[in-house]
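Asker: structure here, sequence nowhere to be found:
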Ligand code: HOZ
């Protein structure tokens, strides 16, 4: 038994399923999870001394790879000043100002501790603002584990076959209406059936949680128009896409101004953090300026704020980051495409910027129904072949892989070669 196996055995005695977040348990790909010890640049190292080229990047935030020196230095200084005060600090003001500068739709922003908190709080603000209760989400989109989002959800919920989780009340389920991603008629239909009852539409503008799924031409523009006409708050969940697809996130890429946006780990430079923000008139509903209550001792935590401020300042001062990410990611995409072609298959790759998913289906993946056509069993085999070759992919089909600026040409070449050998081994 290696150290990872020993730790997993121990973990299962004290932690449900042996992990603190389900997808990590490798259940959908089989086998035992690998326990990590350290990370540096594009690499992670496990407790048995194995090295991996990492394409999870802590599920998104590691835009510059693990432990970039400019974040670590700032963090070390911040620790000397104190880890938590539960009182306001200057860095929170600087951070809020910077986010409003970088994302034009955000006039005010509130810091929280995770993407889940951000989406739950954004919905509450939208409900308080509109005085309406129902929300629309899209099948296969995942917005964290808040009760009213675990209805036909993506990510681990989809992976483990519980897209609608037990424990979610009938009342919550009744307030959450579901439409189809990339299908504006499905949204119109739900709105028509629930006229004047809908507070918000929440969407991952580019989906990461059924694998990477990209909005088709005009879908987001039509959604924006529809929400404006119907006085529905449009919420972009940019937990994965914010500051990753471009400095202004997916909303900048597609030229849409949502009413509210939510962010996660990326704005903490990898530390636990989340944020929601948007139109002043909606955000002023939030306590203590308004009646919509939301609070948290660790919100705006000085360590997370300092790390996040360093990360966002870096991309502001180095906008070429996005060009680099695009070049590396498109090189990787075309290498894997060639590998797929060389074995006579037409498996689909969806990629936008540094987010990418290889689906084991030969039909285009544009929504939930096409995503679930992917052969998840084959993905599991591919995952393990890649892992054995030192490539760490998300351990589930319905997730995105992330490229960082730390990935070198050598890393990408090795990944492409590993992909070719893995595909040959499983087919
Ligand atoms: N559900 C997360 C990705 N979409 C995984 C979180 C984790 O395991 O850290």
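Answerer: Yep, it's here. Given the structure is predicted, the values throughout are model-derived calculations rather than measurements. Numbers count the residues shown, from 1 in each chain.
Asker: CA atoms for contacts and neighbours, from now on please.
Answerer: Fine.
Asker: how many other residues sit next to the residue of the stretch 151-300 of the chain found nearest the ligand?
Answerer: Ranking the residues of the stretch 151-300 of the chain by distance to the ligand (Cα to the nearest ligand atom) places residue 155 first, at 5.0 Å. Residue 155: 24 surrounding residues under other Cα atoms under 10 Å.
Asker: got a list of what the spatially closest residue to it that is not a sequence neighbour touches?
Answerer: Once flanking residues are discounted, residue 155 sits nearest to residue 209: 4.5 Å by Cα to Cα, 6 or more residues apart in numbering. By Cα atoms under 8 Å, 6 or more residues apart in numbering, the contact list for residue 209 reads 140-142, 154-155, 398-400.
Asker: per-residue pLDDT, residue 384?
Answerer: Model confidence at residue 384, given as pLDDT, is 98.
Asker: the helix or strand hosting it: which residues count as buried?
Answerer: Using DSSP states H and E, residue 384 sits within helix 376-388. Of the residues in helix 376-388, 376, 378-387 count as buried by neighbour count, 16 or more other Cα atoms under 10 Å.
Asker: stretch 400-415 now?
Answerer: Neighbour counts using 16+ other Cα under 10 Å place 400-407, 411-412, 414-415 of stretch 400-415 among the buried residues.
Asker: just those residues now: which is nearest residue 331?
Answerer: The shortest approach to residue 331 among those belongs to residue 412, at 7.8 Å (Cα to Cα).
Asker: that closest one: what secondary structure?
Answerer: helix (DSSP: H, G, I helix; E, B strand; the rest coil).
Asker: dump the residue contacts of it.
Answerer: Residue 412 touches 328, 331-332, counting by Cα under 8 Å, 6+ apart.
Asker: quick check: phi and psi on the spatially most central residue of the chain?
Answerer: For the chain, the residue sitting closest to the mean C-alpha position, by Cα atoms, centre = their mean, is residue 240 at 3.0 Å. Note on residue 240: its backbone torsions stand at phi -90, psi -40 [degrees, to the nearest 10].
Asker: wait, it sits on residue 262?
Answerer: No: with contacts counted by Cα atoms under 8 Å, residue 240 stays clear of residue 262, the gap being 9.6 Å.
Asker: measure stretch 183-201 end to end?
Answerer: 14 Å (Cα to Cα, to the nearest Å).
Asker: ok now it, how far from the chain's centre?
Answerer: 25 Å (Cα atoms, centre = their mean, to the nearest Å).
Asker: repeat that for stretch 231-244.
Answerer: Put simply, stretch 231-244 sits 11 Å off its chain's centre (Cα atoms, centre = their mean).
Asker: identify each buried residue in it, please.
Answerer: Residues 232-244 are the ones in stretch 231-244 that count as buried (16+ other Cα under 10 Å).
Asker: can I get those residues in a markdown table with secondary structure and pLDDT?
Answerer: What follows is these, written out as a markdown table (DSSP: H, G, I helix; E, B strand; the rest coil; pLDDT from 0 to 100):
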| residue | secondary structure | pLDDT |
| --- | --- | --- |
| 232 | coil | 98 |
| 233 | strand | 98 |
| 234 | strand | 99 |
| 235 | strand | 98 |
| 236 | strand | 98 |
| 237 | strand | 98 |
| 238 | coil | 98 |
| 239 | coil | 97 |
| 240 | coil | 97 |
| 241 | coil | 98 |
| 242 | coil | 98 |
| 243 | coil | 98 |
| 244 | coil | 98 |
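Asker: would JSON lines of those residues with distance to residue 271 be doable?
Answerer: Converted to JSON lines, those look like this (distance: Cα to Cα, whole Å):
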{"residue": "232", "distance to residue 271": "32"}
{"residue": "233", "distance to residue 271": "29"}
{"residue": "234", "distance to residue 271": "27"}
{"residue": "235", "distance to residue 271": "23"}
{"residue": "236", "distance to residue 271": "22"}
{"residue": "237", "distance to residue 271": "19"}
{"residue": "238", "distance to residue 271": "17"}
{"residue": "239", "distance to residue 271": "13"}
{"residue": "240", "distance to residue 271": "14"}
{"residue": "241", "distance to residue 271": "17"}
{"residue": "242", "distance to residue 271": "15"}
{"residue": "243", "distance to residue 271": "15"}
{"residue": "244", "distance to residue 271": "16"}
